[in-house]
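> sequence first, predicted model second:
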Amino acid sequence: MTDDIKKPLQGRRILITRAAEQSHEVVGNIQKLGGIPICIPMIEITGPDSWDECDNAIINIKKYNGIIFTSANAVRGFITRIENTFPYVKPMINLRTVYAVGIKTKETLEKYNIVTDAVPDEYTADAVITMIQESGCAGKTFLLPAGNLTRDVIENGLHKAGAVVDRVQVYTTKKPEDIDSVHLNKLLREEAPDIITFFSPSGVHHFFELIHPSLLDTIAVAVIGSTTYNAVTEYGIKPDIKPDEATGEELVYKIAEFIHNHNQ
């Protein structure tokens with residue numbers, strides 16, 4: 001077995017734009033396959049400006065029939081808040097129906113010993129709405145811990161189906177204040193990576209606020225999720241890599257597959 005087969009990303013430079021605290025798994029998998037990760041986060045995750053609405057929902061957790069988590073960030077923000085301020089409420093979470101969008105969201109819930117009752121086959125808002133509607137949601141009340149940029153598709157869809165949805169902010173996605181745009185532009189012009197990865201629409205938009213799309217003419221683009229894919233296309237770029245399963249592990253696998261196919 002050759003080294004190229006053992007290390008399909010050997011010497012390949014891969015730019016990771018994900019938030020620093022979320023990049024460890026992707027970085028590790030890239031390194032295991034021989035790649036060189038270059039981390040320049042395009043987003044930063046912080047807490048909300050106020051916890052008042054979230055705290056009120058936590059205190060009144062018994063009124064909710066179900067809790068909908070659309071991301072690992074939502075899980076971490078909400079459950080950590082409970083553990084730090086209202087620990088007696090945590091056992092009550094498992095008495096609600098818990099919905100998780102995506103395997104990573106489910107795995108994050110499991111780390112907090114929260115049982116997931118339902119995960120849609122597709123990791124999309126529409127799939128969540130359909131799944132909950134099929135179980136009967138009219139007249140029920142749901143809690144939706146979310147970020148400041150979370151779309152309102154789920155709450156609007158469930159409202160139309162006769163459900164009540166309380167959305168509370170548990171994290172904030174923003175552009176890092178310390179991004180060195182000069183370094184980023186120099187990197188892309190003089191030491192261009194082989195592939196750039198994007199994990200969220202906000203990361204895409206922050207990136208293109210700093211560089212011109214033409215700098216990516218010779219660089220492959222990899223994305224996670226349809227909304228991220230669509231965000232990249234807004235800048236006249238068609239992503240080269242988009243895994244069906246929206247996970248970091250699957251993204252790295254598809255990058256390795258892409259590199260292998262283009263070496264033939």
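On my side now, so go ahead. None of the values given here were measured: they were computed from a predicted structure.

> please enumerate the strands of the chain.
Along the chain, counting by DSSP state E, strands occupy 13-16, 36-39, 44-46, 66-69, 97-100, 141-147, 164-174, 195-198, 220-223.

> wait, doesn't Val128 sit right on Ile154?
Yes. Applying Cβ atoms under 8 Å, one finds Val128 in contact with Ile154, separated by 5.7 Å. Glycine gets a C-beta too; all of them are placed from N, C-alpha and C.

> who touches both of those two?
Shared contacts of Val128 and Ile154 (Cβ atoms under 8 Å, 6 or more residues apart in numbering): Ile68, Thr70.

> still on that earlier bit, reformat the strands of the chain as TSV; add mean pLDDT, distance to Asp244 and mean neighbour count.
What follows is the strands of the chain, written out as TSV (pLDDT from 0 to 100; distance: least, Cβ to Cβ, whole Å; neighbours: other Cβ atoms under 10 Å):
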stretch	mean pLDDT	distance to Asp244	mean neighbour count
strand 13-16	97	20	23
strand 36-39	95	23	17
strand 44-46	93	26	15
strand 66-69	96	21	25
strand 97-100	94	18	23
strand 141-147	97	24	23
strand 164-174	96	24	19
strand 195-198	97	16	26
strand 220-223	97	12	23
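
> just put those strands in CSV and tack on distance to Ile79.
Shown next, in CSV, are the strands of the chain (distance: least, Cβ to Cβ, whole Å):
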stretch, distance to Ile79
strand 13-16, 26
strand 36-39, 26
strand 44-46, 15
strand 66-69, 9
strand 97-100, 11
strand 141-147, 9
strand 164-174, 9
strand 195-198, 27
strand 220-223, 28
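
> wait, which of the ones you listed is closest to Asp55?
strand 164-174 (8.8 Å; Cβ to Cβ).

> got the contact list for the closest one?
By Cβ under 8 Å, 6+ apart, the list of residues contacting strand 164-174 reads 43-49, 53-54, 56-57, 64, 68, 73-74, 76-78, 81, 140-150, 152, 154-155, 158-159, 200, 202.

> got a ChimeraX select line for the buried ones in these?
Isolation of the buried members of the contacts of strand 164-174 (16 or more other Cβ atoms under 10 Å) is achieved in ChimeraX through the command below:
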select :43,44,45,48,54,57,64,68,73,74,76,77,78,81,140,142,143,144,145,146,147,150,154,155,158,200,202
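
> before we move on, back to that, the strands of the chain: which one's closest to His212?
Set against His212 and scored by Cβ to Cβ, the strands of the chain come closest in strand 195-198, at 13.7 Å.
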